[in-house]
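*Asks:* give me a model of this one.
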Amino acid sequence: MSHVPGYDPRTAAAVGTGLVSYPSTYQGVKNGTYGTTVGTSVTVPQGNVTYRAQPGAGAGRKKSGKNFPKTLKVFSCANKHPISALKELRADAQFEVICTYHTPAGAAIVVNTTIDGVVYQGEGTSGQIAKAIAAHKALMGMNATDHSMLQQVVDYEEQKKLVMDRISVWQELQAKKENRKLEQEKQQKEKAERKKQAAQVRSAKENELNQANKKKENNGSPTAGDGSAHLDYGYLLFRYGPDVSETTEKLEEKTELGCFQFKCALKVQGFTFESTCTSKKGARNQAVKLALDAFAANPPPVVNEKKRKIPFKRNNEGEEYTPIEPVEFQDKLAEKCWNFVTEKTATIISQLKIRRNLVVIVKVEGKEDLENCEIVSFGNGTLLVKKENMSCDGNVINDCTAESLALRAFRRYLLDQVELCLTGKSSIYTKDRSGGKCSIKKSVKFFLYTNSCPMGDCRAISAKPPPTSAMDTSNPDNQAPESNVKSDAKSEPMETDNASAKPVKGWMPQKVSKVEDLGKITFFSTSSDFGSSETTSAYCEETSHCIVSPSDKLALRQACGVQGSILFSLSNPVYISHYFINRSFNEAAISRALFLRTKGSHVKVGKDVPVEPKFTKVNWKATRLVEKRTKWGLIWAKNHEVEILFTPHGKQYHKDKQDAVQKALAGDVTSYLAPSEYCTRALFTACVNVCKKAKKSYPQKYSVNKSANTWYRNLKTTVLEHMKTSGLGEWSVNPCKPDY
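*Replies:* Residues are numbered from 1 along each chain as shown. The predicted model follows:
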């Protein structure tokens, strides 16, 4: 707000003259230009001025031009609303509601406004009235011009009385509430005390009654001798039967307390044992104890040994298996995945689509409902390519396990979505503000369903917790970190090396491992016929393949993102948020294998940081038995064809030659094979085409692209170095370096 130079309202108010003396700078540029009034004083009304005065105003002809300021304006509060007047005088004035009191009669509101460090308070039955009173007080405190002529919005004294009355009513209500709460707490304590006293009286009466009657000793259960177990009459029959008989009779004489007595005579293979007790069962149990104690030192002629039970083999041939009706979300999702894959592979002969290990990637946009779930890729397989068939040209898929195939197809789907995003079409991606990369929308999540449990460390369990170094080395207390993974699956019991430990009925142990081997990197074993076996173990130069287990690959992807190095130049990291596993698993083992052991090596890449996944057990199954091992695999991504893979060679088999599969296997199968659309070379070519369409720079070779992604390379190197220094082993080195 502008003031006339040389004018001080406080001084003017004290003097009362309202005269202003202008500095020499306001007395003209040239001598005699402004008439005879130059250098004289100008009469200015008291108050706040919003514009400058015109030099020489009222003397001679009216001048105009850039050197002549506008006409003087004076602020006045006359006939103005207090709030409007305060805002006009001080545009930066703000009101703050200090407190509000609600009563049945209405509200009482207190408002503050601060002007030049001075706080002015207003009280009213509404916020507007309270603000008006606070504004009025502020204008009075500032000694604003004509503040006594402000509009009287309400009767201020009446408002003050109403506010004080309502505050008193509110205080009374609060006091009543507090008293009521204290009274309820007191009543609850008294009720609990009465219950406690009644329970004590009832317990005392029961104890007194039991002591007086003593109808049974030890509740009729057998008592153990020195060093013997709690054995009963059934064990005696099994061990020394069937020549066992007993006779129990009631005696006439009673105990000192007046209780009846019973006598039991037990005959075992001609040996007689007698016992007396206040109950029939107690007398027999004592006789059984005497017999067992005697036979422990001197066995009778006949001693029965426990026979090994031969499990009953059910013949399922000819029986049709009917799956359970899914009720839970995870079971419905499993059924949807299985039915979708069945529909997609309907034209493939059964010999080539055995779904021994099936992995499906599901996109969920919005709420986690079955209607919002869309299947975007799947893979099926359990084997690897033969070592001699690996190549450096990128036309061979080396890892044909279901997890690797599903993620490979998922990257093909992500590449299509990036292309849609960069061309301005509907996609699951959004462009970053910098324009460099694309990011997954916040409403989009990805689930992974598998009808098995990933091979490797996910199946490794032990009774003892692993050392701290095998999990999260960032734990400052040098203790085994606790898992925060939320899961709907019940924790499975740990398999131990102790033969006496009995697992829960119906639970199949996964893989017994030593404590020092938990969390370590494992490798597939080689096979001359299939390329690899379905077992994993620590690396051995003679028997191990150069490819690590699916558990290790998923752990690395959970830290670096499933998009891989090809897509990292276009897409920010993408993570799996939830695993649905159609097999019994140990929650501690699977959370360690897929997340905890790499947790200490996280390197944040922008706003996208590794996600801690959830794990849920799926009960629904499409088939009763696990299908046989096969050399064939399946791979599919949305908007692409389903491919049949011959895993020993890592290439696709021509779908139009399915009928000649036996002839192909008997002869030269390579003539029936071709590079897959999902191989690394094909994915890199598709990525280059996307970069060309979006007019982005791209490297000419895949090897250059892989080393050029500095962030991804550093992130992966950090994770692998962390696992190595933690004692979990070294990552495999691919003998076939890419040269394309």
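
*Asks:* output whichever strand or helix holds Asn705 in CSV with nothing but the alpha carbons.
*Replies:* Asn705 is part of helix 702-708, with elements assigned from DSSP states H and E. Below are the C-alpha coordinates for helix 702-708, written out as CSV (Å, rounded to 0.1, in the frame of the first residue of the first chain):
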residue,chain,number,x,y,z
TYR,A,702,22.6,-55.7,-27.9
SER,A,703,25.9,-56.1,-26.2
VAL,A,704,26.4,-52.3,-26.3
ASN,A,705,22.8,-51.7,-25.1
LYS,A,706,23.4,-54.0,-22.2
SER,A,707,26.5,-52.2,-21.1
ALA,A,708,25.2,-48.8,-21.9
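
*Asks:* and Leu634, how close does it get to Ser126?
*Replies:* Distance, Leu634 to Ser126, using C-beta to C-beta, to the nearest Å: 71 Å. C-betas here are computed from N, CA, C, even on glycine.

*Asks:* those two: which is more packed in?
*Replies:* Leu634 (26 against 14; other C-beta atoms under 10 Å).

*Asks:* ok so, going back, report the buried residues of the helix holding Asn705.
*Replies:* Tyr702, Ser703, Asn705, Lys706 (16 or more other C-beta atoms under 10 Å).

*Asks:* what helix or strand is the nearest residue to the first one once chain neighbours are set aside on?
*Replies:* In this case it means Tyr702. Spatial nearest neighbour of Tyr702, excluding adjacent residues (C-beta to C-beta, 6 or more residues apart in numbering): Phe684 at 4.5 Å. For Phe684, the host element (DSSP H and E) is helix 680-693.

*Asks:* determine whether the claim that Asp739 is in a helix is correct.
*Replies:* No - counting by DSSP: H, G, I helix; E, B strand; the rest coil, Asp739 is not found in a helix; it is coil.

*Asks:* which pair of the buried residues of helix 702-708 spans the longest distance?
*Replies:* Put simply, by C-beta to C-beta the two of these set farthest apart are Ser703 and Asn705, 7.3 Å from each other.

*Asks:* and the strand or helix carrying Ala204, what does it pack against?
*Replies:* Per DSSP H and E, Ala204 falls inside helix 156-213. Judged by 3 or more C-beta pairs under 8 Å, 6 or more residues apart in numbering; DSSP states H and E, the packing partners of helix 156-213 are strand 95-103, strand 106-115, strand 118-124, helix 127-141.

*Asks:* and Gln184, which of those is closest to it?
*Replies:* Comparing the helices and strands packed on helix 156-213 by their distance to Gln184 (C-beta to C-beta), the top pick is strand 95-103, with 22.4 Å.

*Asks:* can I get the closest one in PDB, CA atoms only?
*Replies:* The C-alpha trace of strand 95-103 is given here as PDB (Å, rounded to 0.1, in the frame of the first residue of the first chain):
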ATOM      1  CA  PHE A  95      -8.700 -15.000  10.000                       C
ATOM      2  CA  GLU A  96      -8.000 -18.100  12.000                       C
ATOM      3  CA  VAL A  97     -10.700 -20.200  13.800                       C
ATOM      4  CA  ILE A  98      -9.300 -20.800  17.300                       C
ATOM      5  CA  CYS A  99     -12.100 -23.100  18.700                       C
ATOM      6  CA  THR A 100     -15.600 -24.100  18.000                       C
ATOM      7  CA  TYR A 101     -18.100 -25.200  20.700                       C
ATOM      8  CA  HIS A 102     -21.100 -27.200  19.600                       C
ATOM      9  CA  THR A 103     -24.200 -27.200  21.800                       C
END
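
*Asks:* just to revisit the earlier point, check which element follows the helix holding Ala204 along the chain.
*Replies:* Using DSSP H and E, the helix or strand that follows helix 156-213 towards the C-terminus is helix 233-240.

*Asks:* packing partners of that next one?
*Replies:* With contacts defined as 3+ C-beta pairs under 8 Å, 6+ apart, the packing partners of helix 233-240 are helix 280-297.

*Asks:* buried residues, the helix it packs on. List them.
*Replies:* Buried residues in helix 280-297 (16+ other C-beta under 10 Å): 280-292, 295.

*Asks:* between those, which is nearest Arg629?
*Replies:* Distances from Arg629 to these, taken as C-beta to C-beta, are shortest for Leu292 (51.7 Å).

*Asks:* just checking, that closest one touches Leu236?
*Replies:* Yes - using C-beta atoms under 8 Å, Leu292 is in contact with Leu236, at 6.5 Å.

*Asks:* tell me where the stretch 401-550 of the chain has strands.
*Replies:* 429-431, 438-440, 444-450, 460-461, 511-512, 523-527, 531-537, 544-548 (DSSP state E, counting those that start in this stretch).

*Asks:* nearest to Gly366, of the ones you listed?
*Replies:* Taking the strands of the stretch 401-550 of the chain one by one with C-beta to C-beta, strand 444-450 is closest: 8.5 Å.

*Asks:* partner strands of the closest one, parallel or antiparallel?
*Replies:* Using DSSP bridges, the strands paired with strand 444-450 are strand 358-365 (antiparallel), strand 578-581 (parallel).

*Asks:* for that strand, give the mean pLDDT please.
*Replies:* Strand 444-450 shows a mean pLDDT of 94 in the predicted model.

*Asks:* for it, the distance to its chain's centre please.
*Replies:* 13 Å (C-alpha atoms, centre = their mean, to the nearest Å).

*Asks:* next: stretch 117-135.
*Replies:* Distance of stretch 117-135 from the chain centroid (C-alpha atoms, centre = their mean) equals 48 Å.

*Asks:* hmm, Val669 is touching Thr647, no?
*Replies:* No - look at Val669 against Thr647 with C-beta under 8 Å: they stay out of range, at 11.7 Å.

*Asks:* out of the two, which sits in the busier spot?
*Replies:* Neighbour count, other C-beta under 10 Å: between Val669 and Thr647, Thr647 has more, with 26 against 17.

*Asks:* which strand residues bridge the nearest residue to the more buried one once chain neighbours are set aside?
*Replies:* Spatially, and ignoring its direct neighbours in sequence, Thr647 is nearest to Cys400 (4.0 Å; C-beta to C-beta, 6+ apart). Judged by DSSP bridges, the bridge partners of Cys400 are Leu383.
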